[in-house]
Every structure is written in structure tokens, then in C-alpha cells.
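Participant: Have a look; sequence and predicted model below, questions after that.
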Amino acid sequence: MQYQVGKIGRVVVARFEDKEDVIGNLTGIVKKEGITAAVFYLVGGMREGKIVVGPEKDELPPTPVWRTLGESHEVVGFGTIFHQNNEPKIHLHAAFGKKDSVKVGCLRENSTTFLVLEAVIMELSGINAVREFDPSVGLSILTLS
């Protein structure tokens, strides 16, 4: 296990409007504000999204199982933002609900808001962390230095 102790720095509250790019907006905010480490919460609606709902088998590297939202869903999620190759890398796990159906997964592609989505981003100060691609697992892994 690796860990570091830091503090909460600035807090950013944002509202994404209908059909806006969720991952793109989060990335844009942290770039504009010079944030290199953060946690964030999302609550609201999404109309599009491509999520990973687990590996096909418990083996490394994993083969992801993909699902597409494709229509409006309620969403609540938590994520982290750390840089990879000097660019912000979003890692978001969320629950996506529509009527009696709920999907839980890692949002990776094609993210657009339905109606409104709220984000609360909390900057982490005193944390020296990045994401680095690990070929043995086929994923970008958090590395603390």
C-alpha cells in the first residue's frame, strides 16, 4: 500500500447544462484552474455515456465489459483527477438509473448531460500523485511519489 496525507484546497462548484460534455468540462475546469489532484462528486442527469461494468474474467490484463447509456439516466458518482503525461485523467465510478434499471460502472467515453448535472470538485493539496500506464494490468494506475 502507498499513501500520502494532504489537505483540501480550493472547492469548485459547477453546473453543466443539457448536452454538454461531462468529461470534457471536468478536464477543462481543472486545466483552467491549474488543479493537479482532486476528488469530485456528480449528481444530476446524463443522456449519453459509455461505461465499463467489470472485466469479463478475473484475469490480468482484464477485458472490459462495456455498456452504453444511450438515453437519459439519473446519475450520482464519485471520482478522482490526477495527471497522466501532464494532462488531467478522470476516473469516475457512478450509478446510472432509469426507471427500475440501475447500472453501476466506470464512465470512460461519450459523456453528455441530460438537462442539468452538478459537480463539486475539491482540490487536494500536498499530494504528489500521478497516473501511469501499467502494461501488466492494461490500465493507468495511481502512483504516489
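Facilitator: Thanks, I have the structure now.
Participant: Only C-alpha atoms from now on, for both contacts and neighbour counts.
Facilitator: Noted.
Participant: Could you tell me whether Thr27 really is in a strand?
Facilitator: No: applying DSSP: H, G, I helix; E, B strand; the rest coil, one finds Thr27 to be helix, outside a strand.
Participant: I'd assumed Ile90 was in contact with it.
Facilitator: Yes: between Thr27 and Ile90 there is a contact at 7.4 Å, judged by Cα atoms under 8 Å.
Participant: buried residues in the longest strand anywhere in the chain?
Facilitator: Longest strand of the chain, by residue count under DSSP state E: strand 101-125. Neighbour-count burial for strand 101-125, with 16 or more other Cα atoms under 10 Å as criterion, is recorded at 103-108, 110-114, 116-125.
Participant: all strands of the protein, in order?
Facilitator: 7-17, 37-55, 64-68, 73-84, 87-98, 101-125, 129-134, 139-144.
Participant: pLDDT at Thr112, what is it?
Facilitator: We have a pLDDT of 97 for Thr112.
Participant: oh sorry, the question was meant for Pro61
Facilitator: Pro61 is assigned 92 on the pLDDT scale.
Participant: go on, the one 4 residues further on?
Facilitator: What the model reports as pLDDT for Val65 is 97.
Participant: I figured it hits Pro55, correct?
Facilitator: Yes: the pair Val65 / Pro55 is scored as a contact, 5.6 Å apart, by Cα under 8 Å.
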